[in-house]
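1. When you get a sec, could you give me coordinates for this:
(chains A and B)
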There are 2 protein chains.
Amino acid sequence: MNMGLIVQKYGGSSIANAERIKRVARHICDTRETGCQLIVVVSAMGDTTDHLIELAGQVTTRSPSKREYDMLLSTGEQISIALLAMAIHDLGFEAISLTGRQVGIRTDAQHTRAKIVKVGAERIENALSAGQIVIVAGFQGVNEQDEITTLGRGGSDTTAVAIAAVLKAEICEIFTDVEGVYTADPRVVPKARKLDVVSYEEMLELSSLGAGVLVNRAVEFAKKYQVPVSVRSSFTFSEGTLVIEETEKMESEVIRGVTCDKSEAKMSILDVPNKPGVAGKIFGALAEVNINVDMIIQGAREGGRSDISFTIAKSDLIKAAEVTERVKEELGANQVLVGRDIAKVSVVGIGMRSHCGVAAKMFTSLADQGVNIQMISTSEIKISCVVSEKDAETAVRLLHEVFELGDVNVASVEAKSG
Amino acid sequence: MNMGLIVQKYGGSSIANAERIKRVARHICDTRETGCQLIVVVSAMGDTTDHLIELAGQVTTRSPSKREYDMLLSTGEQISIALLAMAIHDLGFEAISLTGRQVGIRTDAQHTRAKIVKVGAERIENALSAGQIVIVAGFQGVNEQDEITTLGRGGSDTTAVAIAAVLKAEICEIFTDVEGVYTADPRVVPKARKLDVVSYEEMLELSSLGAGVLVNRAVEFAKKYQVPVSVRSSFTFSEGTLVIEETEKMESEVIRGVTCDKSEAKMSILDVPNKPGVAGKIFGALAEVNINVDMIIQGAREGGRSDISFTIAKSDLIKAAEVTERVKEELGANQVLVGRDIAKVSVVGIGMRSHCGVAAKMFTSLADQGVNIQMISTSEIKISCVVSEKDAETAVRLLHEVFELGDVNVASVEAKSG
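-> The predicted structure follows:
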């Protein structure tokens, strides 16, 4: 590990205008003055990307070429790096901006959602050795044919972590518009507490389940290369949440957080003949049209027939309904039901591996409050329940309370007054 | 020459918004349908560059690093090429956008005013062979260190001509917001006539003297590689002015056009000792601070002393005045005079090489109308007179009339009515 080398990443809202760019530049120079070397990865400014997408929409009647889309969108980060470098110069510090290509961020050929294959270290190392703060365009790279590619949603996080991994940085700090990772969404649970530390695995579940501060690909990269990641606010610059490999101490807390995801819909095929190959037929047909299925449950009925339910992204619902209706006919099933108003509520924590009764406690608590559980799915460190969308907030607040995740002081005050 | 290969260049106003981009795309596809191969060079959209410069001004208190400036400004053309390629796809034609780097536009290392050193042909040729319309970002390249450079004012014209030269295109069409090159500024001389054809050399003089439709570097490139250039309107798409090597036929017209340049100021040092090294001292001192001197005249006085006058860009006036005052003291000259309200009026034409009396006709005509000539300078194909700024329009109209440059029909009608 390269002690004294820090990678910082600033998202679009952190550098949305000239004032914010100057503020971030100030913070970067303050960090530099502590004596460390610095690589800074930035996204496009605030609504630049939206503006570019709007322009693309104005010149085309159908969805534009993905190659040209990447050519267009990658300009957003290039604008940011140049302006940030200028702002840093203005404070009397040395800095150089580098595009994804100049850094040597090689990706595969999938335009608009390319994956990083390789990160060059040489150019960055030379600049660092020359005493420069290195400002890198996130979200972008080039493929083998020298075409500009972009990494898809949250791509700048991945760029930052990948660079931190290759350069063996001490830490990768992700500056964003929240204070860190919370035990639950603070808008839903006022008592939600900022976590000081979470494991990579927990972060993966917290992020995929809607915490949304760090994309999964970035976390996977961090886990693979053991890069400590800190999620922090670019508005207060206060200490955030540290995402690291799990430690024994972490296991003492059974549950780390409660999440809620309203982006999925539920489909059920009722009264399906219970014979081999049925499930394969259904999910094969969905896979063929690129629909990702999340949870699946199959329940037996009398007479050798069963019901099969699954969840998919709401945005795939129309396509999925077509496919499922067709498969229903082929299978001689009885009916297809669609449920839009659902929410997936999950509890996450590596501690549940060594603690029994977490699931039972979750189910019982929900039942006691009259919240009906429609589907259940479990993994080693997560238990998810699909409930009616109208019950979602109640369920999250209840579980947050039951698993004692709240701020201790706030909780005790409320307990006294309650 | 590659018959059937056309290079077109569209400036910022031609693609200022989505509507205009779609209109240009339509014209490109129409051209393509005639069966030719097409390379299209574009500038940044309308006020994109201004917007980027404004952003740079907001994050810095002093003039920003030129390297970062190029990093910033080069995004403008990249946005244009992606959008234009999308708009062409939308019309059902094959197109691919390429940045300066992807084309292989190599430049020297002078950021913000780099010179093209080499243009790669391979990538463009491959795309053309694949049946694609090639859309190239003008104004930009990369230097040997792989840094993004920009070519300075009018750089996209130079890009277009350089590519036309290397790919041996049949013609390089510069689409702009005027109909072509005129015998004089039509706002000053209503009878000004659009020229069908001018020679490279004439174009150099017409452009440097303020016609302003094509930068000199582009014309020099065109002359060097014998690229026929056409200056045309992107609003009417009508036939413009063809810029080519001079022909014998061209010489029959003595004067091609009258230009007027108000961007210069005049300085005079009076009563300078007339001894060797004096001029060297004055102009050496100005060169040291990077001030370009245009016209110089020296007139003898009695008693072995003389007056020296010269013109410089108005924008250099303050700096030049400081230097000249200092030199005046050193030389023991008497006084420095500054004239801001001057204009340089010139007649241009390769025909004057073989026709006598052009200068005499010019001076006499001006004198007859009471226009005082302050300075004179001549070249093989140009005669320039510095006059008072208030006399400039009168002088231009007069010379346009005297050398019979106007539209024949309009002129004869006026003659009858007059």
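
2. what's the neighbour count on the nearest residue to A:V348 once chain neighbours are set aside?
-> Excluding its sequence neighbours, the residue lying closest to A:V348 (Cβ to Cβ, 6 or more residues apart in numbering or on different chains) is A:E205, at 4.4 Å. From N, CA and C alone the C-beta is placed, and that goes for glycine too. When neighbours are defined as other Cβ atoms under 10 Å in any protein chain shown, A:E205 has 26 of them.

3. next one: A:H355
-> Look at A:H355: counted by other Cβ under 10 Å, it has 14 neighbours.

4. what secondary structure does it sit in?
-> coil (DSSP: H, G, I helix; E, B strand; the rest coil).

5. Now do the phi/psi pair for it.
-> phi -120, psi 130 (degrees, to the nearest 10).

6. Assess the claim that the residue nearest to A:V348 and A:S384 are in contact.
-> No - A:E205 lies out of contact with A:S384 (Cβ atoms under 8 Å); the separation is 9.2 Å.

7. Find the residues that touch each one of the two.
-> Common neighbours of A:E205 and A:S384, using Cβ atoms under 8 Å, 6 or more residues apart in numbering or on different chains, are A:S346.

8. close enough to count as contact, A:G339 and A:F310?
-> No - assessed by Cβ under 8 Å, A:G339 is found out of contact with A:F310, at 10.8 Å.

9. how about stretch A:273-285: buried residues?
-> Across stretch A:273-285, burial judged by 16 or more other Cβ atoms under 10 Å in any protein chain shown covers A:V278, A:I282, A:F283, A:A285.

10. And for stretch A:158-173?
-> Neighbour-count burial for stretch A:158-173 flags A:158-167, A:169-173 (criterion: 16+ other Cβ under 10 Å).

11. same check, this time on stretch A:52-68
-> Here stretch A:52-68 shows A:L52, A:I53, A:L55, A:A56, A:V59, A:T60, A:P64, A:S65, A:R67, A:E68 as buried, counting by 16+ other Cβ under 10 Å.

12. ok, now stretch A:181-199?
-> A:181-185, A:188-189, A:191-195, A:197-199.

13. Kindly report the same for stretch A:389-406.
-> Buried, per 16+ other Cβ under 10 Å, within stretch A:389-406: A:391-403, A:405-406.

14. Repeat that for stretch A:309-329.
-> Buried residues in stretch A:309-329, counting neighbours by 16+ other Cβ under 10 Å, are found at A:S309, A:F310, A:T311, A:I312, A:D316, A:L317, A:A320, A:V323, A:T324, A:V327, A:K328.

15. Out of these, which comes closest to B:V219?
-> A:D316 (58.0 Å; Cβ to Cβ).

16. distance of the closest one from chain B?
-> To chain B, A:D316 is 26 Å away according to Cβ to the nearest Cβ, to the nearest Å.

17. Ok, A:K223 next?
-> 33 Å.

18. So that residue lies in a strand, does it not?
-> No - membership of A:K223 in a strand is not supported by three-state DSSP, which gives helix.

19. pLDDT at the residue at the greatest distance from the centre of chain A, what is it?
-> Within chain A, A:G303 marks the point farthest from the mean C-alpha position, 43.7 Å out by Cα atoms, centre = their mean. What the model reports for A:G303 is a pLDDT of 76.

20. circling back: of all the buried residues of stretch A:273-285, which two lie farthest apart?
-> Farthest pair in the buried residues of stretch A:273-285, by Cβ to Cβ: A:V278 and A:A285, 11.4 Å.

21. quick one: pLDDT of whichever residue of the stretch 301-418 of chain A sits closest to chain B?
-> Distances between the stretch 301-418 of chain A and chain B by Cβ to the nearest Cβ are smallest at A:S315, namely 23.7 Å. A:S315 is assigned a predicted lDDT (pLDDT) of 91.

22. same thing with A:I105?
-> pLDDT recorded at A:I105 is 97.

23. For it, which non-adjacent residue is closest in space?
-> A:G141 (3.6 Å).

24. Check A:L270 too.
-> The nearest residue in space to A:L270 (Cβ to Cβ, 6+ apart) is A:Q335, at 4.5 Å.

25. so what's the backbone phi/psi at that neighbour?
-> Dihedral angles for A:Q335 - degrees, to the nearest 10 - are phi -160, psi 150.

26. That one contacts A:V272, doesn't it?
-> No - the pair A:Q335 / A:V272 is not scored as a contact, 10.0 Å apart, by Cβ under 8 Å.

27. of the two, who's got more company?
-> A:V272 (24 against 12).

28. Who does the more buried one form a beta bridge with?
-> A:S306 (DSSP bridges).

29. Surely it and A:S306 touch.
-> Yes - judged on Cβ under 8 Å, A:V272 makes contact with A:S306 at a distance of 5.5 Å.

30. what's near enough to touch the residue lying closest to A:K223 once chain neighbours are set aside?
-> Leaving aside its sequence neighbours, A:K223 sits nearest to A:Y200 (Cβ to Cβ, 6+ apart; 3.7 Å). Shown in contact with A:Y200 (Cβ under 8 Å, 6+ apart): A:V219, A:E220, A:A222, A:K223, A:V243, A:I244, A:E245, A:E246.

31. With chain B as the reference, measure out to A:Y200.
-> Counting by Cβ to the nearest Cβ, the gap from A:Y200 to chain B is 35 Å.

32. Return the residues of chain A in contact with chain B.
-> With Cβ under 8 Å from any Cβ of the partner chain as the criterion, chain A meets chain B at residues A:18, A:21-22, A:25, A:52, A:55-56, A:58-62, A:64-65, A:67-69, A:71-72, A:74-75, A:78-79, A:81-87, A:89-90, A:96-97, A:99, A:102, A:146, A:148.
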